[in-house]
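[1] Here is a sequence together with a model predicted from it:
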Amino acid sequence: MSKNPVNSIVITELRKSYERTTGAETTYAIDGVSFDVPKGRFVTLLGPSGCGKTTTLRCVAGLERASGGRIEMGGQMVFDAPRKVHVRPEDRPIAMVPQSYGIWPHMTVIDNAAFPMQHGRNRRKGQDIRKRAMGMLEQVGLDAMADRWATQLSGGQQQRLAFARALLGDPEVLLLDEPLSNLDAKLRAKLRQELRSFQAQFGVTALYVTHDQAEALALSDTVIVMNHGHIEQIDRPERLYDHPRSSFVADFIGSANLIPVQDVSPRRGGSGVIAKTDVGPVLCLRSPDGEDHGAGNGGFVCVRPENVEVRADTSDLAEDEFLGTVESCEFLGDRLELVLRAADVPLTAFARPSLGCRPGDEVAVRFDPSTTSYLPH
Ligand SMILES: Nc1ncnc2c1ncn2[C@@H]1O[C@H](COP(=O)(O)OP(=O)(O)OP(=O)(O)O)[C@@H](O)[C@H]1O
């Protein structure tokens, strides 16, 4: 088999059923999932509870045996359903950092760190082990605690130890399953930054699982959004936010106004489409896939709250403005968060605090067409 120099993991048409059947049909926890994890990159599986993230990660680790598809890792086929190949987890070039840290409580901090060099795939000998372990503990700020029992560390320190230990096994890929979820919000944000800088510093490839979209956007080079065992979109964080391909992604990443569309037609003499909605015709210049969608029915106009423009003066409405009524208005320091209703369509808008409006007021509303997308589904 030829070594793959570009991707640490290549997953093709992976499926997993848990032998549950509904009527005659098998239910798949993941169904036809394909993606690559390029070398040295931080890739995140993101989605709501039950969408199949952990199952995908466990199949990559070899802790679950998939029902179909292939997994190639570091140029080696570690799972191939048709050929009945299933390499055991301990023989795959991975290290896993689980939610519960997986630290050995009956060992000291340094013995925990040294463990993969004594028992893992890449074993070492003698003094080198302690020296390397101490060097890594220093990097994660735990060298002064090397001889403590691992249980005497705080949650954040245990997570740093878990990360250090994983790196000391020299894995091709680091698999991380919601590793920050047991920490409080402040520590979580701090460790998130640390995790990203360690990953970049050591150049290790990371496949990360989370249901927290802020965490996924902050950490990842690429985010894979999953829903009901399928992949909805694979993209860079900024593109996911600015160019969601489906109403599911638009709604799951950040907040979005999704306005039902009756029908859509190409814009005459220019790019974009005109979507007919209850608030009136809406010009959408942004397309999720860079293509102009021609005529059609259904779907949604997607506009982020920061791209809904609101004016207090309603005396002279422009052609692309419409009237809305303020239902609630919250002052959030740097902005007002408005809930509006326009022709029975609820809309959320972020506005300048100087707008000065109250519930019951009428306002002029406009969507910035350059940031407004038409989502066909
Ligand atoms: N051992 C199992 N036996 C039967 N069904 C399972 C098993 N493990 C997972 N499932 C089902 O497979 C689907 C995907 O589960 P999975 O744990 O992969 O989701 P997830 O996206 O990681 O969710 P969460 O964020 O809640 O961990 C769910 O419907 C779940 O109920």
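    Nice, thanks for sending it over. The shown structure was predicted, so the numbers you read here are calculated from the model rather than taken from an experiment.
[2] now for the lengthiest strand in the chain, which elements pack on it?
    Assignment by DSSP state E gives strand 7-22 as the longest strand of the chain. Where contact means 3 or more C-beta pairs under 8 Å, 6 or more residues apart in numbering; DSSP states H and E, strand 7-22 is packed against strand 25-38, helix 53-61, strand 68-73, strand 205-210. Glycine gets a C-beta too; all of them are placed from N, C-alpha and C.
[3] Are we agreed that residue 374 is in a helix?
    No: counting by DSSP: H, G, I helix; E, B strand; the rest coil, residue 374 is located in no helix; its state is strand.
[4] residues in contact with the residue in the stretch 101-250 of the chain that the ligand sits nearest to?
    Relative to the ligand, the nearest point of the stretch 101-250 of the chain is residue 211 (4.7 Å; C-beta to the nearest ligand atom). Residue 211 is in contact with 46-49, 53, 178, counting by C-beta atoms under 8 Å, 6 or more residues apart in numbering.
[5] will you turn those residues into a markdown table that also has neighbour count?
    Shown next, in a markdown table, are those (neighbours: other C-beta atoms under 10 Å):
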| residue | neighbour count |
| --- | --- |
| 46 | 28 |
| 47 | 28 |
| 48 | 13 |
| 49 | 7 |
| 53 | 24 |
| 178 | 19 |
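[6] Narrow these to those in helices?
    residue 53 (DSSP state H).
[7] Just the pLDDT for residue 67.
    Note on residue 67: pLDDT of 94.
[8] got it, and residue 158?
    For residue 158, pLDDT reads 89.
[9] Name the stretch among the helices and strands packed on strand 7-22 that sits most buried.
    Burial of those is given as mean neighbour count (mean count of other C-beta atoms under 10 Å); strand 205-210 ranks first at a mean of 25.
[10] Sheet partners, orientation included, of that one?
    Applying DSSP bridges, strand 205-210 is found paired with strand 42-46 (parallel), strand 173-177 (parallel).
[11] Mind checking if the first one is in reach of the ligand?
    So the one you mean is strand 42-46. No: residues of strand 42-46 are not located near the ligand by C-beta under 6 Å from any ligand atom, the shortest gap being 7.9 Å.
[12] Just the angle for that strand relative to strand 7-22, thanks.
    Interaxial angle of strand 42-46 relative to strand 7-22 (axes from the mean of the first three to the mean of the last three C-alpha atoms, to 10 degrees): 10 degrees.
[13] Any idea how far strand 42-46 is from the middle of the chain?
    Centroid displacement of strand 42-46 relative to its chain, using C-alpha atoms, centre = their mean, to the nearest Å, is 5 Å.
[14] chain center to stretch 260-272: distance?
    31 Å.
[15] First-to-last residue distance for that stretch?
    End-to-end distance for stretch 260-272: 17 Å, by C-alpha to C-alpha, to the nearest Å.
[16] same deal with stretch 369-377?
    End-to-end distance of stretch 369-377 (C-alpha to C-alpha): 19 Å.
[17] need the contact list for residue 296.
    Residues near residue 296 by C-beta under 8 Å, 6+ apart: 263-264, 376.
[18] Could you export the residues you listed to CSV, including columns for distance to residue 93, neighbour count and pLDDT?
    Shown next, in CSV, are the contacts of residue 296 (distance: C-beta to C-beta, whole Å; neighbours: other C-beta atoms under 10 Å; pLDDT from 0 to 100):
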residue, distance to residue 93, neighbour count, pLDDT
263, 52, 13, 91
264, 48, 23, 90
376, 41, 19, 85
